[in-house]
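>>> Can you look at this prediction? I've put the sequence above it.
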Amino acid sequence: MITSFFQLLLALVLFQSSGSAKTYEINSFNTQISFSAKHFGVLNVRGKFTEFKGSIVINGDLVENVFVEINANTINTGNKNRDRSLKTDVFLNPEAYPIIRFQSTENKDKGEIKGILSIKDSSNIAILAYDTQREDKLLILSGDCSIKRDDFNLDFGTMDDLVSNEVKIEVSIRLTL
């Protein structure tokens with residue numbers, strides 16, 4: 001009986017010391033979500049989203065879980081005409097599809113987050129490669145992935161050939177430890 005008690009106590013201590021996962025809030029104050037695509041085959045058009053929320057669970061340097069909801073209406077490329085075009089029903093259509101979502105599904109390996117990205121009425125797998133860096137009481141997570149616009153039914157209609165099918169997404173998150 002005493003041996004069982006000590007085994008249970010030891011198991012609890014080991015479980016608490018090894019399970020250092022912590023949940024952090026993802027918001028526009030500590031996070032940047034941006035994208036870029038080639039225009040006319042040479043010009044890089046860059047943009048970002050300014051409103052989003054979510055959570056990230058980190059255990060050491062391993063990202064265990066990520067959930068993000070992005071307000072599609074907050075797309076900002078620095079060009080009002082382009083932004084207006086991206087908000088039409090030909091592209092993002094935030095009036096009908098106000099939220100872009102990412103939910104991680106598999107995060108067993110440090111440096112890679114696999115999940116489901118949902119844009120408009122399409123959902124596909126997206127794999128984000130990431131690095132972590134520690135600075136004093138900060139953990140900085142930087143990552144990127146590439147998606148194909150046609151996987152998400154994102155086209156420009158008659159001008160579709162002017163913009164590359166590949167869109168690079170970049171994420172930077174600063175977390176206070």
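Nice, thanks for sending it over.

>>> Helix or strand next in line after the host helix or strand of residue 45, which one?
Taking DSSP states H and E as the criterion, residue 45 maps to strand 43-49. Tracing the chain C-terminally past strand 43-49 and defining elements by DSSP H and E, one meets strand 52-59 next.

>>> Tell me how far that next one lies from the chain's centre.
9 Å (CA atoms, centre = their mean, to the nearest Å).

>>> That one pairs with which strands, parallel or anti?
strand 22-27 (antiparallel), strand 62-71 (antiparallel) (DSSP bridges).

>>> Now for residue 76: which residues touch it?
Contacts for residue 76 (CB atoms under 8 Å, 6 or more residues apart in numbering) come out as 47-50, 83. (Glycine included, C-beta is placed from N, CA and C.)

>>> rerun at 7 Å
Neighbouring residues of residue 76 by CB atoms under 7 Å, 6 or more residues apart in numbering: 47-48, 50, 83.

>>> which one of the residues you listed sits closest to residue 39?
Distances from residue 39 to these, taken as CB to CB, are shortest for residue 47 (11.3 Å).

>>> Excluding sequence neighbours, find me the nearest residue to that closest one.
Excluding the flanking residues, the one nearest residue 47 by CB to CB, 6 or more residues apart in numbering is residue 77, at 3.7 Å.

>>> what does residue 73 give?
residue 94 (4.0 Å).

>>> Can you tell me the SS state at the one you found?
Following DSSP: H, G, I helix; E, B strand; the rest coil, residue 94 is assigned to coil.

>>> Just to check, it is in contact with residue 72?
Yes: the pair residue 94 / residue 72 is scored as a contact, 3.8 Å apart, by CB atoms under 7 Å.

>>> Those two: who's more crowded?
residue 72 (23 against 20; other CB atoms under 10 Å).

>>> next one: phi and psi at that one?
Dihedral pair for residue 72: phi -60, psi -30, per degrees, to the nearest 10.

>>> which secondary structure element contains the residue nearest to residue 150 when sequence neighbours are not counted?
Among residues not flanking residue 150 along the chain, residue 165 sits closest, at 5.8 Å (CB to CB, 6+ apart). Here residue 165 sits within strand 163-176, counting by DSSP H and E.
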